[in-house]
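Colleague: Need the 3D shape of this:
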Amino acid sequence: MSKERATIGTDGVALPILPPDRDVRVWAKLVRVMFYTPGFLALLMLKAGEPTGFGITIELLMLSSAAAVVAGLFVGSQSIGGGADHASRIGIWSGSLVMELLCAIPFLCAVPPMFHQLANSTLLHAKAAGAVDTALGISEILPAVAILPFMIYQLAGFGTLYYVVPKVVNWALNFLILALVVGSYVANRKNDFDLEKTIVGVLVAITSITMFYGILKLKRMQVEFDNRCPTKKDDKEK
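Modeller: Residues are numbered from 1 along each chain as shown. Below you'll find the predicted structure:
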């Protein structure tokens, strides 16, 4: 059983609350999943050969896949043994931020319009003689339901962002992201691809800035924690 972290620094002031320790093996496996899955889906859409509504969706999938490579670099830098510095101690947390903001969100944003386009592709499933079209109707939005457990993951304190920004900011960011994801899907269904590109551009900008801020904030928190954390000698004296 691991020892609990100190909560009060050597100066008597509360230490920063860092995210909990995470299993590097789990996150390394998730990096592989987030690299291959969006990449495969992007190739599938290119194979369909109907790029009218595919452009921004493929870009989101490729962003998700490429960002997973960067997340893997952060996760691979994790170290808590001898010689570990401030940066290496936040490797997993930084990698998780990249995957949460630049892998999961673009992927969840791309899946609903991708399903609609593939379901209606005449190249992937040519119509047979005498076949009757069956409208999927409201069931087409079922893939979009995946955004709900992601929201719970973020707002209930499982996500790394929960430890980086105040609770109010965390809620505001996540509901803004949800609104942008929904807005991009609506624009795609209305064939307003210029509006969709604008919304997705805003979404990617917000998640990128948040990720950049979050990693730097984690680094500052770790530096402050290491500098002010009581040493084992101090604990014995108390």
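Colleague: so where is the chain shaky, pLDDT-wise?
Modeller: In the predicted model, the chain carries pLDDT under 70 at residues 1-3, 47-54, 82, 119-140, 231-238.
Colleague: Next up, the contacts around the residue positioned nearest the centre of it.
Modeller: The chain has Glu100 as the residue nearest its centroid, 1.8 Å off, counting by C-alpha atoms, centre = their mean. Taking C-beta atoms under 8 Å, 6 or more residues apart in numbering, we find Glu100 in contact with Gln154, Gly159, Thr160, Leu161. (Each C-beta comes from the backbone N, C-alpha and C, glycine too.)
Colleague: what about the helices in the protein?
Modeller: Taking DSSP state H as the test, the helices found in the chain are 24-48, 55-76, 91-98, 105-119, 147-155, 167-189, 193-228, 232-237.
Colleague: Buried residues in the fourth one, which are they?
Modeller: Neighbour counts using 16 or more other C-beta atoms under 10 Å place 105-118 of helix 105-119 among the buried residues.
Colleague: Out of those, which is nearest to Pro19?
Modeller: Nearest to Pro19 among the buried residues of helix 105-119, counting by C-beta to C-beta, is Ile105 at 18.6 Å.
Colleague: tell me the contacts of the closest one?
Modeller: Phe150, Ile177, Val181, Leu203, Thr207.
Colleague: go again using 7 Å as the cut-off
Modeller: By C-beta atoms under 7 Å, 6 or more residues apart in numbering, the contact set of Ile105 is Ile177, Thr207.
Colleague: now do Val75
Modeller: Counted by C-beta under 7 Å, 6+ apart, Val75 has contacts Val24, Trp27, Ala28, Val31, Gly91, Ile92, Gly95.
Colleague: what about the last one, distance to Leu218?
Modeller: As defined by C-beta to C-beta, to the nearest Å, Gly95 lies at a distance of 11 Å from Leu218.
Colleague: who has more neighbours, the two?
Modeller: Neighbour count, other C-beta atoms under 10 Å: between Gly95 and Leu218, Gly95 has more, with 29 against 25.
Colleague: What distance do you get for the more buried one to Val69?
Modeller: 11 Å.
Colleague: go on, Leu195?
Modeller: 30 Å.
Colleague: Ok, Arg5 next?
Modeller: From Arg5 to Val69 the distance is 31 Å (C-beta to C-beta).
Colleague: With Val26 instead?
Modeller: In terms of C-beta to C-beta, Val26 sits 18 Å off from Val69.
Colleague: Can you say which of the contacts of Glu100 are buried?
Modeller: Taking 16+ other C-beta under 10 Å as the criterion, what is buried in these is Gln154, Gly159, Thr160, Leu161.
Colleague: Next up, the contacts around Leu18.
Modeller: Going by C-beta under 7 Å, 6+ apart, Leu18 touches Tyr163, Met221, Gln222, Phe225.
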